[in-house]
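A.B. asks: Would you be able to build a 3D model of this:
(one chain, ligands or ions: 2)
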Amino acid sequence: MFPETNKGFSYEDCKATSDWLLAQTDIRPNVGIVCGSGLGGLADMLKDQVVFNYKDIPNFPQSTVHGHAGRLVFGTLKGRPCVCMQGRFHLYEGYPIQKITLPMRIFKMLGVETVILTNAAGGLNQDFKVGDIMVIKDHINMPGFAGNNPLVGPNDERFGVRFPCMSDAYDRELQQLAVDIGQELGYGDFLKEGVYCVLGGPSFETIAECRILHKLGADAVGMSTVHEVIVARHCGMRVVALSLITNLVVMDYDSQEKANHEDVLQASKLRAGQLERLVSTVVTRIEPNNNYI
Ligand SMILES: O=P(O)(O)O[C@@H]1C[C@H](O)[C@@H](CO)O1
Ligand SMILES: Nc1nc2[nH]cnc2c(=O)[nH]1
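C.D. replies: Ligands and ions are numbered 1, 2, ... in the order given. Next comes the predicted model:
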């Protein structure tokens with residue numbers, strides 16, 4: 001009934017991958033972290049590391065993008081067991097959407113309850129500046145409008161329901177926790193909240209596309225995160241996501257600005273340390289029983 005490419009990985013495939021990982025580490029993570037472009041330093045914060053190269057993990061795709069190392073790092077953050085993707089997969093790398101989101105189901109099977117995602121994004125909101133950190137409050141799934149959703153294909157109820165709700169995709173308490181911690185750390189001047197819009201990439205947006213996305217209510221645009229969030233929510237994990245605004249999109253035909261990946265990586269370096277501090281503090285305030293301290 002479904003074409004072969006839409007079948008994704010079975011529950012048993014995912015279990016085989018998670019069992020393979022669990023057999024090689026004693027760490028039992030309850031927090032999973034995904035590092036965006038140029039933000040892989042987050043993984044380096046983990047202590048007592050057990051590291052797997054993606055190429056060695058059964059069923060895992062390979063990272064092909066500069067700024068995404070391609071390592072799954074288990075470790076502890078101030079004593080809290082975590083697993084961190086140092087490099088994620090994007091639609092434009094050519095993988096089926098079910099493959100780029102496979103790690104979320106692996107996270108779930110490893111015991112992860114909360115997923116923290118980061119990304120580099122272009123700022124559409126006219127009040128945003130390069131270096132702002134945006135706590136994502138909602139998303140617009142542009143590829144999803146055309147049917148490119150990671151849950152397309154047969155639904156296995158052991159993962160989640162056929163028609164998952166997305167109006168609560170971004171956990172409100174975790175959003176507030178991230179904002180509160182940002183304020184405590186003195187990030188008030190560059191801490192924002194907003195809507196993230198995903199496009200397929202890899203080409204950056206035209207001026208007309210940026211104008212329309214802005215009119216649609218998006219504050220930032222990128223090429224990731226949303227697919228992972230959908231799969232994470234489908235299998236019941238809580239989600240908080242942060243965009244680092246690495247460039248302001250071009251909305252004016254007189255502008256000479258041109259988006260490019262090297263500038264994105266360069267800009268992510270400016271705020272990487274502060275973003276890492278924000279994420280690590282969020283992790284330490286999440287209790288295993290899902291309460292916040
Ligand atoms: O993985 P993220 O979303 O951080 O990567 C962004 C989107 C593209 O992959 C790349 C463009 O520079 O950065
Ligand atoms: N689509 C998109 N992704 C980005 N990632 C970082 N900056 C951008 C951008 O301007 N557009």
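
A.B. asks: Let me know the outermost residue of this structure.
C.D. replies: D254 (33.3 Å; Cα atoms, centre = their mean).

A.B. asks: Nearest residue to K258 in space, please, no chain neighbours.
C.D. replies: Sequence neighbours aside, V250 is the residue nearest to K258 in space, at 7.4 Å (criterion: Cβ to Cβ, 6 or more residues apart in numbering). Backbone N, C-alpha and C define where each C-beta goes, glycine included.

A.B. asks: Name the helix or strand for the one you found, please.
C.D. replies: Under the criterion DSSP states H and E, no helix or strand holds V250.

A.B. asks: Same question for L21.
C.D. replies: helix 11-22.

A.B. asks: picking that back up, check contacts around the residue nearest to K258.
C.D. replies: By Cβ atoms under 8 Å, 6 or more residues apart in numbering, the contact list for V250 reads 207, 210, 257-259.

A.B. asks: Now neighbour count, pLDDT and distance to ligand 1 too, for those, in a markdown table please.
C.D. replies: Output for the contacts of V250, formatted as a markdown table (neighbours: other Cβ atoms under 10 Å; pLDDT from 0 to 100; distance: Cβ to the nearest ligand atom, whole Å):
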| residue | neighbour count | pLDDT | distance to ligand 1 |
| --- | --- | --- | --- |
| I207 | 13 | 98 | 18 |
| C210 | 21 | 98 | 14 |
| E257 | 12 | 91 | 14 |
| K258 | 9 | 93 | 12 |
| A259 | 17 | 93 | 8 |
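
A.B. asks: name the helices or strands packed onto the helix holding L21?
C.D. replies: Applying 3 or more Cβ pairs under 8 Å, 6 or more residues apart in numbering; DSSP states H and E, one finds that helix 11-22 makes contact with helix 102-110.

A.B. asks: Surely N155 is in contact with P164?
C.D. replies: No - counting by Cβ atoms under 8 Å, N155 does not reach P164; the two are 9.5 Å apart.

A.B. asks: Contacts only, for E276.
C.D. replies: 39, 41-42, 45.

A.B. asks: just G160 next, same as before
C.D. replies: Shown in contact with G160 (Cβ under 8 Å, 6+ apart): 233-236.

A.B. asks: Quick check: the gap between it and ligand 2.
C.D. replies: 28 Å (Cβ to the nearest ligand atom, to the nearest Å).

A.B. asks: Can you tell me the SS state at that residue?
C.D. replies: coil (DSSP: H, G, I helix; E, B strand; the rest coil).

A.B. asks: How about the backbone phi and psi for G131?
C.D. replies: Main-chain dihedrals, G131, degrees, to the nearest 10: phi 100, psi -10.

A.B. asks: How about L191?
C.D. replies: phi -100, psi 120.

A.B. asks: ok so, going back, of all the contacts of G160, which comes closest to D132?
C.D. replies: Nearest to D132 among the contacts of G160, counting by Cβ to Cβ, is R233 at 25.2 Å.

A.B. asks: what about the closest one, helix or strand, and which?
C.D. replies: helix 226-234.

A.B. asks: Check K78 and give its pLDDT.
C.D. replies: pLDDT for K78: 85.

A.B. asks: Please report the distance of it from ligand 2.
C.D. replies: 30 Å.

A.B. asks: how many other residues sit next to that residue?
C.D. replies: 12 (other Cβ atoms under 10 Å).

A.B. asks: Run the chain-centre distance for the helix holding L21.
C.D. replies: Centroid separation between helix 11-22 and its chain, computed with Cα atoms, centre = their mean, to the nearest Å, is 21 Å.
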